[in-house]
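1. Sequence plus predicted model, see below.
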Amino acid sequence: MATVVLVGTLDTKGDEYVWLRERLWALGCEVVLVDAGVEASEVDADVPAGQVARAGGASIDALRDAQDRGAAVTVMGVGAAAVLGDLEQVDAVLAVGGSGGSSIAARAVRDLPIGLPKLIVSTMASGDVTPYVGAKDVTMMYSVVDIAGLNRVSRLILGNAAAAAAGMAKAYAAYAPEADERPLVAASMFGVTTPAVDAARERLDELGYEVLVFHATGAGGRALEGLAESGLLAGVLDLTTTELADDLVGGVLSAGPERLTAAGRHGVPQVVAPGALDMVNFGPRETVPDLFRARNLYVHNPTVTLMRTTPEEMAELGRRVAAKLREAKGPTALFVPLAGVSALDAPGMPFHDPAADAACFAELEGAVETEKLDMNINDPAFGRAMADRLHRMISEGR
């Protein structure tokens with residue numbers, strides 16, 4: 001029978017969790033109720049708050065005496081994560097709450113494997129859910145009303161959540177993955193580098209790899225970095241490093257300053273290109289900050305406006321990429337497309353700027369083993385060459 005784990009603050013949401021447990025039982029699931037609240041609760045939990053606090057490195061009495069809500073949320077989140085990691089069977093996790101309960105739940109599910117269902121019903125789910133989802137496959141459901149007692153609206157929302165969790169748990173428990181022993185390779189892609197990644201992916205497929213492609217939208221880059229940390233990857237084909245441009249200039253798709261570091265830090269073979277460093281991403285044209293309005297802008301679609309990076313910005317990006325690659329502990333190679341780093345940087349296209357590209361390439365000089373190809377990044381031969389180099393790196397390390 002599928003098991004759904006409920007993680008919640010029973011001191012404030014006890015009635016809701018008792019109702020959810022009964023709904024899940026009625027839907028044919030086993031339920032494990034984990035109390036991540038700090039104050040005493042009359043609800044009988046399978047894993048009481050004291051056990052969760054100890055797993056988080058504190059005592060429940062100390063947390064109650066301190067009356068520090070922020071510290072308590074942190075401890076109970078860490079403790080709930082440890083509890084989940086120790087359970088024999090988890091087929092889905094369901095949590096409901098406001099900002100504090102959602103934060104605890106998000107920390108609790110952060111280390112669970114990709115594919116294991118994780119559903120959080122939250123008052124925060126109609127806004128920016130990045131702090132709760134991060135780079136994991138967490139499903140957020142907006143609660144519509146505050147989670148403060150059961151009523152005709154909250155019963156509908158929580159009932160849907162219970163049904164969703166039960167369905168996902170049953171599917172997960174019954175899932176038998178196909179045996180696939182192919183080594184995993186991660187690749188980074190953007191719309192303006194898609195032809196290159198498609199060529200590389202097809203070549204890697206021919207060579208016996210399974211390729212996971214990550215869209216370089218900030219979240220995609222963070223997900224790629226997280227997977228490189230996991231030890232599951234045989235190699236990384238980081239063809240599209242554009243998120244670094246957003247991080248430098250202030251665009252909306254930054255993956256943070258740690259982008260392009262995980263593979264190197266863990267010795268994962270990586271082949272890198274300055275893909276789409278010619279652009280910074282903003283939303284609709286009217287949202288572009290005033291200081292950039294006179295820059296070279298390109299409306300990619302009604303919701304995305306691209307801005308060409310300057311020679312000075314390209315030089316700094318070259319320095320940053322070079323510094324990151326020099327720190328790599330594993331095999332690393334850099335491929336430089338001399339005829340443009342994106343589809344918009346090809347001759348005759350709006351971002352074509354050989355001087356800006358040259359400023360970047362000059363700073364990359366000598367950082368690591370480098371291959372310069374007199375072609376645009378989207379020439380199929382460029383992607384295939386990167387794939388072949390990564391294959392040689394991986395093969396030599398086997």
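-> Cool, got the structure. Numbers count the residues shown, from 1 in each chain.
2. For the most centrally placed residue in the chain, list the residues it contacts.
-> By C-alpha atoms, centre = their mean, the chain has its centre lying nearest to A135, at 2.0 Å. Applying C-beta atoms under 8 Å, 6 or more residues apart in numbering to A135 gives the contacts 219, 222-223, 225-226. Every C-beta, even on glycine, is put in place using the N, C-alpha and C of the backbone.
3. what about the helices in the protein?
-> Along the chain, counting by DSSP state H, helices occupy 10-26, 49-55, 60-66, 69-86, 99-109, 130-133, 152-174, 194-206, 219-230, 243-249, 262-265, 311-326, 354-364, 380-397.
4. Just give me the lowest mean pLDDT stretch among those.
-> With a mean of 86, helix 130-133 has the lowest mean pLDDT of the helices of the chain.
5. what's that helix in contact with?
-> Here helix 130-133 makes contact (C-beta under 8 Å, 6+ apart) with 102-103, 105-106, 120, 122, 124-125, 138, 140, 219.
6. Repeat that for stretch 346-364.
-> 274, 277-279, 296, 298, 306, 308-319, 321-322, 334, 336, 338-345, 370, 372, 376, 378.
7. Mind checking which of these are buried?
-> Among those, those scoring as buried are 274, 277-279, 296, 306, 308-310, 313-318, 321-322, 334, 336, 339-345, 370, 376, 378 (criterion: 16 or more other C-beta atoms under 10 Å).
8. List the ones among these that fall in strands.
-> Residues of the buried ones among the contacts of stretch 346-364 located in strands (DSSP state E): 274, 279, 306, 308, 334, 336, 370.
9. would you turn these into a markdown table with pLDDT and distance to D388?
-> Output for those, formatted as a markdown table (pLDDT from 0 to 100; distance: C-beta to C-beta, whole Å):
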| residue | pLDDT | distance to D388 |
| --- | --- | --- |
| P274 | 98 | 19 |
| M279 | 98 | 27 |
| L306 | 97 | 30 |
| R308 | 98 | 31 |
| L334 | 98 | 15 |
| V336 | 98 | 16 |
| T370 | 96 | 16 |
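10. what's the farthest-apart pair in those residues?
-> Greatest spatial distance among those (C-beta to C-beta): L306 and T370, at 26.7 Å.
11. if we can go back for a sec, where's the residue nearest to the centre of the chain relative to A2, distance?
-> A135 sits 26 Å away from A2, taking C-beta to C-beta, to the nearest Å as the criterion.
12. Next: Q51.
-> 23 Å.
13. who has more neighbours, these two?
-> Taking neighbours as other C-beta atoms under 10 Å, Q51 and A2 compare with A2 leading, 23 against 17.
14. need the contact list for the more buried one.
-> 28-30, 91-92, 166, 169-170, 172-174.
15. how close does S102 get to S59?
-> S102 is 24 Å from S59, where distance means C-beta to C-beta.
16. got it, and V43?
-> Counting by C-beta to C-beta, the gap from V43 to S59 is 20 Å.
17. Name the residue in the two with the higher neighbour count.
-> More neighbours surround V43 than the other of V43 and S59, with 17 against 13 (other C-beta under 10 Å).
18. That one against L33, yeah?
-> Yes - counting by C-beta atoms under 8 Å, V43 sits close enough to L33 to count as a contact (7.5 Å).
19. Quickly list what's touching both of those two.
-> 10, 17.
20. Which residue ranges make up each domain of the chain?
-> Listed by the TED database, the domain ranges of the chain are 3-174, 184-397.
21. gap between P380 and P195?
-> Applying C-beta to C-beta to P380 and P195 gives a distance of 7 Å.
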